[in-house]
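Asks: give me a model of this one.
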Amino acid sequence: MANPRRLPLNQRLSPLINLLKKPLAIPLLLSFFLFLTWISLRLQHSSHVSSSSSHQKSALKSHPDLKILDDDDIANLVRFDSASLSRVRKDDRGWLLDPIILTRDSQLNGGAASCVSIHVGEIRPGGLRGNHRHHTCNETFVIWGAKTKFRLENHKVEKGFAEVLIGEDEVAVAVSPSGTAHALVNVDPVRSTFFIGCQDSDMQNNSSTSDYKVWKDL
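Replies: Numbers count the residues shown, from 1 in each chain. Here you go, the predicted structure:
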């Protein structure tokens with residue numbers, strides 16, 4: 001069978017040419033180019049997010065406590081390197097922060113809304129603070145000075161709590177919502193851990209609303 005005769009190019013394009021001559025052609029073309037632009041921007045954004053995520057994972061892999069860093073979100077904690085320029089170190093004098101503002105800016109939920117009660121403390125090597133649960137206050141911690149284990153009750157985790165290790169050169173801000181147990185353990189052989197605890201209600205004369213010695217393994 002003979003092949004059908006192919007139409008000349010101008011005849012094949014004539015429907016498109018006729019469409020472009022109509023008044024609706026310009027809005028259609030603009031819509032088409034806007035769609036192409038949106039697709040291009042989405043692809044660039046996806047590429048940037050993927051590259052950023054890969055960079056973060058690469059940075060984590062270089063840290064000896066990869067698993068611990070990955071658990072920061074379930075432990076309601078953010079950490080900063082006190083030895084470099086970061087959000088808690090403004091200049092060469094050292095670090096300075098407002099725990100309430102930094103908690104809010106770091107999108108940590110459940111921390112103290114204000115510092116109605118505040119305490120500052122030291123934990124010597126091998127020492128423990130906390131291991132209790134407050135039912136009538138939210139608490140925000142600032143932790144620094146030594147290698148420190150921070151444990152936070154979290155029933156979304158199989159073992160019932162999240163646990164992270166804070167380095168001796170890091171400053172950590174952590175929150176413990178009302179009804180959530182927490183503990184700080186100094187696991188450094190030499191240095192002391194220092195911390196600030198900020199509570200949004202007065203707990204000094206209200207110990208009956210707290211549970212103590214929550215974890216038996218600490």
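
Asks: how about the nearest residue to residue 200 once chain neighbours are set aside, what does it touch?
Replies: Closest residue to residue 200 apart from its sequence neighbours, by C-beta to C-beta, 6 or more residues apart in numbering: residue 112 at 4.1 Å. The way it works is simple: take the backbone N, C-alpha and C, and place the C-beta from them, glycine included. Residues near residue 112 by C-beta atoms under 8 Å, 6 or more residues apart in numbering: 99-100, 103, 137-140, 175, 198-200.

Asks: one more time with 7 Å, if that's ok
Replies: 100, 138-140, 198-200 (C-beta atoms under 7 Å, 6 or more residues apart in numbering).

Asks: quick one: the residue nearest the centre of the chain and residue 163, what's the gap?
Replies: Residue closest to the average C-alpha location in the chain (C-alpha atoms, centre = their mean): residue 73, at 5.4 Å. For residue 73, the distance to residue 163 (C-beta to C-beta, to the nearest Å) stands at 13 Å.

Asks: before we move on, what about residue 87?
Replies: 24 Å.

Asks: neighbour count for the two, which is higher?
Replies: Neighbour count, other C-beta atoms under 10 Å: between residue 87 and residue 163, residue 163 has more, with 18 against 14.

Asks: can you confirm the more buried one is in a strand?
Replies: Yes - secondary structure assignment places residue 163 in a strand (DSSP: H, G, I helix; E, B strand; the rest coil).

Asks: find the nearest non-adjacent residue to it, please.
Replies: That would be residue 151: by C-beta to C-beta, 6+ apart, it lies 4.6 Å from residue 163.

Asks: cool, residue 136 as well?
Replies: Closest to residue 136 by C-beta to C-beta, 6+ apart is residue 209, at 4.5 Å.

Asks: what sits against that neighbour?
Replies: 134-136.

Asks: among those residues, who's most crowded?
Replies: residue 134 (23 neighbours).

Asks: hang on, it packs against residue 210?
Replies: Yes - between residue 134 and residue 210 there is a contact at 5.0 Å, judged by C-beta atoms under 7 Å.
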